[in-house]
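Sequence and predicted structure below; questions after.
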Amino acid sequence: MRLSAAVLGSLVLGATFVAASDVIDLTADNFKSSVDAEDLMLVEFFAPWCGHCKALAPEYEEAATTLKSEGNIKLAKVDCVEHADLCQANGVGGYPTLKVFRNGKDKEYGGPRKADGIVSYMKKQALPALSVVNSDNHTKFIKDDKVVVVAYTDAESDALVSAIKEAAENHRDDYLFGATTDPAAIKEAGVTPPALVVYKTFDEGRVDLPAADVKSASAESLVAFVKENAVPLLDEIGGENYPTYAQSGLPLAYLFLDPTDSKKKDALIAEITPVAKQFKGKINFVWIDAVKYAQHAQALNLLETKWPAFVVDDMPQSLKYPLDQSSDPTASSVTTLVSDFLSGKLEPKLKSDPVPETQDEASYTLVGSKFDEVVFDDSKDVFAEFYAPWCGHCKRLKPVWENLAELYQDQKDKLTVLKMDATTNDLPKSAGFKISGFPTLKFKPAGSKTFIDYEGDRSLESLIEFIQNNTKNGLTQPEVKPEPSSTQAAAEPTPSATAEAHEHEEL
């Protein structure tokens, strides 16, 4: 069988056809004119070799297509390999960096990185902080996002309007806010003004603020009510929605489930959901893929790879409360653990490395189980480094830190210079702080329970000066002989390794 030239041509054309992208390519030549001309534009600064950029690309493309058709909001990108100077001029320090531009003025993008999340975030950016709702747009508006908040009042002068305006200004990136005095819209909502309703695409669909609370509503109380109702009773958690829970200020209860056993998974979710409802507003409940996030389970002190499992993560305090893994979680066992946790009856499970048999380095190696004994020794000043083995800043600090400990070795009865691996050892409640970046350096003067943050450069000279300024034991300042390696370390700035740590988190 012979193919005609026309058919062959169409096959070749079809094989080489690439769908046109709705993401605009920006260059040094057209960048300023493009962002200046748009009331709203999202720009991604990327590098072709970047793995996170590659993962974002299809989501970004999908969002661009959706926003082009639904909101006429443009998405663009800049290749930072080809246009390095342009990216540097826009303060790009990592990839991908996303920025929202309004007529040329930019701010950091703070939304999700999945297509639907990007669409939701940018739609909120396109609207005023508080939208005017009426009978014409009410039905559509309350379905425009996953969480929509509407105030219903008889007059714009109502105190509820002032409260929701302030809440909307502060949280426009998080939720969609609206207000109406339209009698037809109020009738459609089935409320008696003043009233406030949180509409959502999950669970019961809507929650009304109790009438007694409406009368005394402030921006803070409204936001607290919205936050309480803005997450499902028991949703699956992943990298995309983890920030919502982390920012809620509430402890997080994890149900680790094996998704390959769907029957058991669904049955346990159904069993635990009423428990989640019982403690709503006090603790958030989620279920998580135990196979995909097994490493995160270990970080939460679930040490056996045995599923299902349950643990409460007190994120505000960085403490973990796992349920005994000798048997499967049940509604009864979960209720008991959560009740005891909330009433303060439960002790956290702390990770700790074994106590070293010998101390082979100048600085003392601390483990979690010895924290109180060593750190709160009232007779000594304590200078502590909390590090992560993979942290580049920590690796560069190590020789300086050991040199520091060596210089004070003859005064070790008055000063302990120590280090602790914060990835394998937990801080006890008594510490009174949590680690947010690496390395974290803390000084505790003798006889005190209070820590002083070290925020200077990481040169040996600066560390010694800090010790001498804060000691309560009258330490003698050691003599320092300049070394090239130490001088090099001194020139290095001291950003925390928070961003570096993020790369090693499961969520």
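That came in fine, so what should we check first? Numbers count the residues shown, from 1 in each chain.

what's the distance between the spatially most central residue of the chain and residue 79?
Centroid-nearest residue in the chain: residue 243, 3.9 Å away (criterion: Cα atoms, centre = their mean). Noted for residue 243: a distance of 27 Å to residue 79, by Cβ to Cβ, to the nearest Å. Quick note: C-beta positions are derived from backbone N, CA and C, even for glycine.

Can you show me the strands along the stretch 351-500 of the chain?
Remark: strands assigned in the stretch 351-500 of the chain by DSSP state E, counting those that start in this stretch are 364-365, 381-387, 415-421, 440-444, 452-453.

Same check on the stretch 101-250 of the chain?
Per DSSP E, counting those that start in this stretch, the stretch 101-250 of the chain carries strands over the ranges 105-108, 130-132, 147-152, 176-180, 195-200, 206-208, 234-236.

so residue 432 makes contact with residue 448?
No - taking Cβ atoms under 8 Å as the definition, residue 432 is not a contact partner of residue 448, at 11.5 Å.

Give me the more crowded residue out of the two.
Remark: of residue 432 and residue 448, residue 448 carries more neighbours, 15 against 11, as counted by other Cβ atoms under 10 Å.

got a list of what the more buried one touches?
By Cβ atoms under 8 Å, 6 or more residues apart in numbering, the contact set of residue 448 is residue 472.

gap between it and residue 371?
Separation of residue 448 from residue 371 (Cβ to Cβ): 16 Å.

and the closest residue to residue 364 other than its chain neighbours, what does it touch?
Counting by Cβ to Cβ, 6 or more residues apart in numbering, residue 418 is the residue found nearest to residue 364 once chain neighbours are left out, at 4.0 Å. Going by Cβ under 8 Å, 6+ apart, residue 418 touches 363, 364, 365, 366, 374, 375, 382, 383, 384, 385.

any idea of the pLDDT on the fourth one?
Okay, so that is residue 366. Residue 366 is assigned a pLDDT of 98 by the prediction.

top helix in this protein by residue count?
helix 51-70 (DSSP state H).

Give me the helices and strands touching the following helix or strand past that one, please.
Next in sequence after helix 51-70, counting helices and strands by DSSP states H and E, comes strand 74-79. The contact analysis (3 or more Cβ pairs under 8 Å, 6 or more residues apart in numbering; DSSP states H and E) places strand 74-79 against strand 23-25, helix 31-37, strand 41-46, helix 51-70.

so what does the first one touch, helix or strand wise?
Think strand 23-25. Applying 3+ Cβ pairs under 8 Å, 6+ apart, one finds that strand 23-25 contacts helix 51-70, strand 74-79.

The last one - what's its average pLDDT?
Read it as strand 74-79. If you average the pLDDT over strand 74-79, you get 97.

And for stretch 137-156?
What stretch 137-156 shows for mean pLDDT is 95.

picking up where we left off before, give me the buried positions along the longest helix of the chain.
53, 56, 57, 59, 60, 61, 62, 63, 64, 65, 66, 67 (16 or more other Cβ atoms under 10 Å).

Which residues are in contact with the second one?
This means residue 56. Neighbours of residue 56 in contact, by Cβ under 8 Å, 6+ apart: 44, 46, 96, 113.

try it again with 10 Å
Counting by Cβ atoms under 10 Å, 6 or more residues apart in numbering, residue 56 makes contact with 44, 46, 50, 63, 77, 95, 96, 98, 113, 114, 115, 118.

Just the buried residues of those residues.
Those of the contacts of residue 56 that meet the buried threshold are 44, 46, 50, 63, 77, 95, 96, 98, 113, 114, 115, 118, by 16+ other Cβ under 10 Å.

Return the member of those residues nearest to residue 338.
residue 114 (30.0 Å; Cβ to Cβ).

Off-centre distance for the one helix or strand residue 263 maps to?
Counting by DSSP H and E, the element that carries residue 263 is helix 262-278. A distance of 26 Å separates the C-alpha centroid of helix 262-278 from that of its chain, computed with Cα atoms, centre = their mean, to the nearest Å.

what does that helix rub up against?
Taking Cβ under 10 Å, 6+ apart as the criterion, the residues outside helix 262-278 that touch it are 203, 232-236, 253, 255, 257-259, 261, 283-287, 289-290, 307-308, 310, 328-335, 338-339.

residues of that helix that come out buried?
Buried, per 16+ other Cβ under 10 Å, within helix 262-278: 265, 268, 269, 272, 273, 275, 276.

what's near enough to touch residue 196?
With contacts defined as Cβ under 10 Å, 6+ apart, residue 196 is in contact with 149-153, 160, 163-164, 167, 179, 207-211, 213-214, 217, 222, 225-226.

Any of those buried? List them.
Burial by neighbour count, 16+ other Cβ under 10 Å: within those this picks out 149-153, 160, 163-164, 167, 179, 207, 209, 214, 217, 222, 225-226.

Low-confidence regions, this structure specifically.
Scanning the chain for pLDDT under 70 picks out 1-19, 482-507.

Let me see the domain layout of it.
Taking automatic domain parsing as the reference, the chain has its domains at 17-123, 128-229, 234-342, 364-502.

Please tabulate these in CSV, including the columns distance to residue 354.
Output for the domains of the chain, formatted as CSV (distance: least, Cβ to Cβ, whole Å):
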stretch, distance to residue 354
domain 17-123, 36
domain 128-229, 41
domain 234-342, 14
domain 364-502, 7
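
Which residue, neighbours along the chain excluded, lies closest to residue 379?
In space, residue 379 is closest to residue 446, 6.2 Å off (Cβ to Cβ, 6+ apart).

give the contact list for that neighbour.
Contacts of residue 446 (Cβ under 10 Å, 6+ apart): 377-382, 414-415, 471-475.

What of residue 30?
24, 76.

Tell me what angle the longest helix of the chain forms with strand 74-79.
Using axes from the mean of the first three to the mean of the last three Cα atoms, to 10 degrees, the inter-axis angle of helix 51-70 relative to strand 74-79 is 150 degrees.

tell me the angle helix 51-70 makes with strand 41-46.
Using the same axes, to 10 degrees: helix 51-70 against strand 41-46 is 160 degrees.

Alpha carbons of helix 51-70, as PDB, please.
What follows is helix 51-70, C-alpha atoms only, in PDB (Å, rounded to 0.1, in the frame of the first residue of the first chain):
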ATOM      1  CA  GLY A  51      14.500  19.400  39.100                       C
ATOM      2  CA  HIS A  52      11.900  21.400  41.000                       C
ATOM      3  CA  CYS A  53      11.400  23.600  37.900                       C
ATOM      4  CA  LYS A  54      10.900  20.500  35.800                       C
ATOM      5  CA  ALA A  55       8.200  19.300  38.200                       C
ATOM      6  CA  LEU A  56       6.500  22.600  38.300                       C
ATOM      7  CA  ALA A  57       6.500  23.000  34.500                       C
ATOM      8  CA  PRO A  58       3.300  21.000  33.600                       C
ATOM      9  CA  GLU A  59       1.400  22.500  36.600                       C
ATOM     10  CA  TYR A  60       2.400  26.000  35.500                       C
ATOM     11  CA  GLU A  61       1.400  25.300  31.900                       C
ATOM     12  CA  GLU A  62      -2.000  24.000  33.000                       C
ATOM     13  CA  ALA A  63      -2.600  27.000  35.300                       C
ATOM     14  CA  ALA A  64      -1.600  29.400  32.500                       C
ATOM     15  CA  THR A  65      -4.200  27.900  30.200                       C
ATOM     16  CA  THR A  66      -6.900  27.900  32.800                       C
ATOM     17  CA  LEU A  67      -6.200  31.500  33.900                       C
ATOM     18  CA  LYS A  68      -6.100  32.700  30.300                       C
ATOM     19  CA  SER A  69      -9.600  31.400  29.600                       C
ATOM     20  CA  GLU A  70     -11.200  32.100  33.000                       C
END
